[in-house]
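Chemist: Sequence first, predicted model second:
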Amino acid sequence: MRAIKRGERGPAVTEIRSILVALGLLQIPADPAEADDFTVVVERAVRAFQQDRGLSVDGEVGAETWRALDAARWTLGARTLYFSVSDPLRGDDVRQLQERLLEMGYDVGRTDGVYGPRTARGLSAFQREMGLPPDGTCGPQTLQVLRRLGRKVVGGSPLKLREEVTIRQTGPSLVGRQIIVDPGHGGSDPGVVVPDGPLRWTESDLAYDLATRLEGRLAAAGMRVHLTRGPLPIEAPSDLDRAQLANDLAADLLISLHIDGHQNPDADGVATYHYGTSNGVTSTMGERLAGLVQREIVARTGLRNCHTHAKTWELLRYTRMPAVRVDVGYLTSPKDRAQLIDPMFRERVVEAIVAAVQRMYYPVEIDVKTGTIDVSALRLALPS
């Protein structure tokens, strides 16, 4: 869907306003004529919603923001929750159920707001222990028992432990592991575009160049690498499609490559994002990978450190493996652009990411200092 933004009117705006009112982010307009008007006040409410939900804060209702608004309609108990193979239920009520089960020690995977098979199995296990029919359906009876019970665990500790154990059990070698490398944008969406004399630099082209370089390095280290798109100007997959590809391939990691842009040419630096919510639920291993990637890139390139951040972007939320998005510099910054268009600089970025991927699998006792792994060899060896 195209983005709905300030100045537009119509039924879609009325629907957006009604959800924002229900969430307490917007007042009912005093003038009924404003009910379908996307005003400055509505834009501020949308920005507040996006900020709270860990989305990109632009004040516009694009496809991802709309899906988040639609999910926010639901609270736990407003409808019966069940597992549907063809069209899984999505919503804040599903996320609330997942968080509740996770806090009680049941394995529902990531709290992504999607009622998938893992959530159904977790609920069935809870029902079985409570003497309820283990049908994986959250109706009035199951909800009543859930509300009676107190929390056994606070926060996302059970998920953290499961993720850490999974990583440790697989060992430090990269050989045979499967990784998804995702060059952002593509097709009719070039991302950030900056004219530079007779040249025209685009985010999609530079991200694809980084992705192919990274593909070669990781393949040489023994990993099985898949790109989410090719270089041809065909329609690029959506973030949902990219996440689904990673899940279908049962990948071990996903790394998404982007280049940022801003109206302020002084904005510069690298930032890395992982899945996380405003209430502290996070992908522990995604957060660890983000930190490693961020520190290695800063150490090896000298880009300004814009740190790591938790986001609920669909690419990070719906993937079932540690996933990060790296925004490698600002194409709109003359300083960053001068480096990004240099192939040797892009090689250093790739070396940093390869080093981070290797360190991801090192046990703490044999990890090495940032910027010290030599990735020039075709196959990475354990540190002595």
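Modeler: Structure received.
Chemist: give me the element the residue nearest to residue 209 when sequence neighbours are not counted is part of.
Modeler: Excluding the flanking residues, the one nearest residue 209 by CB to CB, 6 or more residues apart in numbering is residue 346, at 6.3 Å. C-beta: built from backbone N, CA, C; applies to glycine. Residue 346 is part of helix 343-360, with elements assigned from DSSP states H and E.
Chemist: could I get that helix in PDB with only the CA atoms?
Modeler: Extracted C-alpha coordinates of helix 343-360, given in PDB (Å, rounded to 0.1, in the frame of the first residue of the first chain):
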ATOM      1  CA  PRO A 343      35.600  -0.400  -3.200                       C
ATOM      2  CA  MET A 344      38.500  -0.800  -0.700                       C
ATOM      3  CA  PHE A 345      36.400   0.700   2.100                       C
ATOM      4  CA  ARG A 346      33.500  -1.600   1.300                       C
ATOM      5  CA  GLU A 347      36.000  -4.500   1.600                       C
ATOM      6  CA  ARG A 348      36.800  -3.300   5.100                       C
ATOM      7  CA  VAL A 349      33.100  -3.200   6.000                       C
ATOM      8  CA  VAL A 350      32.700  -6.800   4.700                       C
ATOM      9  CA  GLU A 351      35.800  -8.000   6.700                       C
ATOM     10  CA  ALA A 352      34.300  -6.400   9.800                       C
ATOM     11  CA  ILE A 353      31.000  -8.300   9.300                       C
ATOM     12  CA  VAL A 354      32.800 -11.600   8.700                       C
ATOM     13  CA  ALA A 355      34.800 -11.100  11.900                       C
ATOM     14  CA  ALA A 356      31.600 -10.400  13.800                       C
ATOM     15  CA  VAL A 357      29.900 -13.600  12.400                       C
ATOM     16  CA  GLN A 358      32.900 -15.700  13.500                       C
ATOM     17  CA  ARG A 359      33.000 -14.100  17.000                       C
ATOM     18  CA  MET A 360      29.200 -14.800  17.300                       C
END
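Chemist: Could you check how far it is from the centre of its chain?
Modeler: Mean-position distance between helix 343-360 and its chain equals 20 Å (CA atoms, centre = their mean, to the nearest Å).
Chemist: model confidence over that helix, on average?
Modeler: Averaging pLDDT along helix 343-360 gives 96.
Chemist: Are there helices or strands packed against it, and which ones?
Modeler: Helix 343-360 makes packing contacts with helix 203-220, strand 253-260, helix 284-301 when contacts are defined by 3 or more CB pairs under 8 Å, 6 or more residues apart in numbering; DSSP states H and E.
Chemist: of all the ones you listed, which lies closest to residue 60?
Modeler: Across these, residue 60 has its closest neighbour in strand 253-260 (17.5 Å, CB to CB).
Chemist: I'd like to know which elements that closest one is packed against.
Modeler: strand 178-183, helix 203-220, helix 239-248, strand 323-330, helix 343-360.
Chemist: Measure how that strand sits relative to helix 343-360, angle-wise.
Modeler: 150 degrees (axes from the mean of the first three to the mean of the last three CA atoms, to 10 degrees).
Chemist: partners of strand 253-260 in the sheet?
Modeler: strand 178-183 (parallel), strand 323-330 (parallel) (DSSP bridges).
Chemist: Tabulate those strands in CSV, adding columns for mean pLDDT and mean neighbour count.
Modeler: Putting these into CSV (pLDDT from 0 to 100; neighbours: other CB atoms under 10 Å) gives the following:
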stretch, mean pLDDT, mean neighbour count
strand 178-183, 97, 23
strand 323-330, 97, 27
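Chemist: tell me the domain ranges of the protein?
Modeler: 11-71, 92-154, 173-366 (automatic domain parsing).
Chemist: what distance separates the last one from the middle of the whole chain?
Modeler: The one in question is domain 173-366. That offset, for domain 173-366, works out to 11 Å (CA atoms, centre = their mean).
Chemist: With the shortest one instead?
Modeler: Domain 11-71 sits 22 Å away from the centroid of its parent chain (CA atoms, centre = their mean).
Chemist: Next: stretch 135-155.
Modeler: 28 Å.
Chemist: avg pLDDT for that stretch?
Modeler: Mean predicted lDDT for stretch 135-155 stands at 82.
Chemist: Please identify the buried residues of that stretch?
Modeler: 136-138, 142-143, 146 (16 or more other CB atoms under 10 Å).
Chemist: Determine which stretch of the helices and strands packed on strand 253-260 is the most buried.
Modeler: strand 323-330 (a mean of 27; mean count of other CB atoms under 10 Å).
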